[in-house]
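[1] after the sequence you'll find the predicted model.
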Amino acid sequence: MSVVHPSPILAFGAHPDDIEFGCGAVVAAETQAGGRAHFVVCSRGESGTNGTPRQRTAEARRAAAELGATIEFLDLGGDARIEASRANALKLAAVIRRVRPGIVLAPTPVENQHPDHAALGRIVRDATRLARYGGVRPLRPRPSHRIGLLAFYAVGAEAEPAGVPPVLIDVSAPAVLAAWRRSMEAHRSQARTRDYVGCQLARAVVHGHRAGVSHAQPLFPNDPLVFDLLSPLLRAGGRA
C-alpha cells in the first residue's frame, strides 16, 4: 500500500539533470500517489560539454513538470565549483527550513563520481543537521526543522556505496515509468554523446530483478530506518 507523505519531498541536484537520472522515477511514484516534491538545482550546467546554461535550465524546468515537481535554482559557486563548505550548508539549511520537507534526497557522497555530486551529498547531510539547531544565528529568521529521512540517490552505478544494501523503490507502474522517461528525455542536450536514458532504464531493470519487479531505483538512507511494526518489512527482494 502506498503511503502519501503530508510534507513535501525535497530533492537536491548538483546539475540540471541529476535528480531525474538518479531518482526521477521515485519522485514520479510519490507525486502520482498524491505527494508533493520540490527540486533545488545547485548549478545551471555551466561547465558541461553539451548545452548552454540557458538551455539546460529550460530542460530542467520541463523535466520537473513531467514529474509533477516544482523547481528552483541555487548558486553554490557554479558547475564544477561546488565545495562542501559551512557557508553552502547554511544556504541549503535555509531552504530546508523554508520548504519543511519530510524526506530529503541528495546524491551520494561517494568520491568516485563527479566531484560536485559527492560534495553536494556532504553539504546536504550537514544542512539537514544545521536546519534543526535552533541557535544557529544565520538561520534564526525561520523556525528550526527536523526532517524525517535523508536518503541518497546514485546518478550512476559507480556512485552506489560499496557494501551498503539499498532500499529498493518499486517504480514498475507504467505511468511512473512513462513520466520518468519523459523527464529524462527533456534533457535533450545531454543525449548528444551518450544514451543516458537507456543507461538509467537498464540500471532500473537490474535493480528491479533484485526486488522481484520489472524496475526499481535504489536509495541509501543516511541513518537506520525505524519501524513500529514488522509488517512493513514483509516485502523484500532477493527471493529468487
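    Yep, that arrived.
[2] contacts and neighbour counts: CA atoms only from here.
    Fine.
[3] quick one, strands of the protein?
    With strands called from DSSP state E, the chain shows them at 9-13, 37-41, 70-73, 103-107, 149-153, 167-170, 216-221.
[4] want to throw these into TSV with mean pLDDT, distance to residue 92 and mean neighbour count?
    Supplementary listing: the strands of the chain in TSV, determined by pLDDT from 0 to 100; distance: least, C-alpha to C-alpha, whole Å; neighbours: other C-alpha atoms under 10 Å:
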stretch	mean pLDDT	distance to residue 92	mean neighbour count
strand 9-13	98	9	26
strand 37-41	98	9	22
strand 70-73	98	11	17
strand 103-107	98	11	26
strand 149-153	98	13	23
strand 167-170	97	25	20
strand 216-221	98	19	24
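[5] including distance to residue 232, could those go into CSV?
    Shown next, in CSV, are these (distance: least, C-alpha to C-alpha, whole Å):
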stretch, distance to residue 232
strand 9-13, 20
strand 37-41, 23
strand 70-73, 30
strand 103-107, 18
strand 149-153, 16
strand 167-170, 13
strand 216-221, 16
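[6] and of those, who's closest to residue 51?
    Shortest distance between residue 51 and those, using C-alpha to C-alpha, is found for strand 37-41: 15.9 Å.
[7] parallel or antiparallel, list what pairs with the closest one.
    Strand 37-41 sits in its sheet next to strand 9-13 (parallel), strand 70-73 (parallel), going by DSSP bridges.
[8] nearest to residue 203, out of the ones you listed?
    The nearest among the strands paired with strand 37-41, by C-alpha to C-alpha, is strand 9-13 at 19.2 Å.
[9] quick one: the closest one to strand 103-107, angle?
    On the basis of axes from the mean of the first three to the mean of the last three C-alpha atoms, to 10 degrees, strand 9-13 is oriented at 10 degrees to strand 103-107.
[10] quick one: strand 9-13 to chain centroid distance?
    Taking C-alpha atoms, centre = their mean, to the nearest Å, one finds the center of strand 9-13 at 5 Å from the center of the full chain.
[11] try stretch 16-33
    In terms of C-alpha atoms, centre = their mean, the centre of stretch 16-33 is set 7 Å apart from its chain centre.
[12] can I get that stretch in PDB, CA atoms only?
    Below are the C-alpha coordinates for stretch 16-33, written out as PDB (Å, rounded to 0.1, in the frame of the first residue of the first chain):
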ATOM      1  CA  PRO A  16      20.100  20.300 -14.100                       C
ATOM      2  CA  ASP A  17      19.700  16.500 -14.800                       C
ATOM      3  CA  ASP A  18      20.900  14.800 -11.700                       C
ATOM      4  CA  ILE A  19      17.600  14.400  -9.900                       C
ATOM      5  CA  GLU A  20      15.800  13.000 -12.900                       C
ATOM      6  CA  PHE A  21      18.500  10.400 -13.700                       C
ATOM      7  CA  GLY A  22      19.200   9.500 -10.100                       C
ATOM      8  CA  CYS A  23      15.700   9.300  -8.500                       C
ATOM      9  CA  GLY A  24      13.200  10.600 -11.000                       C
ATOM     10  CA  ALA A  25      11.100   7.500 -11.000                       C
ATOM     11  CA  VAL A  26      10.900   7.600  -7.200                       C
ATOM     12  CA  VAL A  27       9.600  11.200  -7.400                       C
ATOM     13  CA  ALA A  28       7.100  10.300 -10.100                       C
ATOM     14  CA  ALA A  29       5.700   7.500  -7.900                       C
ATOM     15  CA  GLU A  30       5.300   9.800  -5.000                       C
ATOM     16  CA  THR A  31       3.600  12.700  -6.900                       C
ATOM     17  CA  GLN A  32       1.300  10.300  -8.800                       C
ATOM     18  CA  ALA A  33       0.200   8.900  -5.400                       C
END
